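J.: Next comes the sequence, and after it the predicted model I'd like to discuss.
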Amino acid sequence: MTRAYSQDLRDRVIAAVEEEGLSRREAARRYRISDAAAVRWLQALRQGRRGALAQGGDRRSRLSVHRAWLLALIDAEPDLTLLAVAERLLDEHGVKADAGMLSRFFTGNGISFKKKRLRLRTAPA
């Protein structure tokens, strides 16, 4: 994952534009950053922000609130597909989820959707 440029570099680019009178593009060329970065940094300065925005963030599941409902649904109807569960979740609780999100949730709660061994036979027993 990429990381933010240092605050020192940001300050030097801003100073080059504000104090030395360089254009944003000239300052970007001098410090070998993209033109867009210099433009964004000075726009942020005009809005009162000098530092980088936070990266990453909270990755908690939105489904943990609905855990009891989801587990009860799977107990009642174990043959539902993940897409069908997603549709029900949207209809009944207004939470938009995709199959991957639901798969991670169920795996984290120890529920798998593997086929039964008896159904894998192709020939009569």
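T.: Now that the structure is in, tell me what you want to look at.
J.: contacts and neighbour counts: CA atoms only from here.
T.: Will do.
J.: Find the residue at the geometric middle of the protein.
T.: R59 (7.3 Å; Cα atoms, centre = their mean).
J.: and the gap between that residue and M101?
T.: From R59 over to M101 the distance is 12 Å, taken as Cα to Cα, to the nearest Å.
J.: now swap in R10 and tell me
T.: According to Cα to Cα, R10 and M101 sit 37 Å apart.
J.: So between those two, which is more surrounded?
T.: R10 (19 against 16; other Cα atoms under 10 Å).
J.: Quick check: that one touching W41?
T.: Yes: if you go by Cα atoms under 8 Å, R10 and W41 touch, sitting 7.2 Å apart.
J.: shared neighbours, these two?
T.: Common contact partners of R10 and W41 (Cα atoms under 8 Å, 6 or more residues apart in numbering): none.
J.: ok, I33 to F105 distance?
T.: For I33 relative to F105 (Cα to Cα), the value is 41 Å.
J.: between those two, who's got more neighbours?
T.: Taking other Cα under 10 Å, I33 and F105 do not tie; F105 has more neighbours (18 against 15).
J.: Which helix or strand contains the more buried one?
T.: helix 99-108 (DSSP states H and E).
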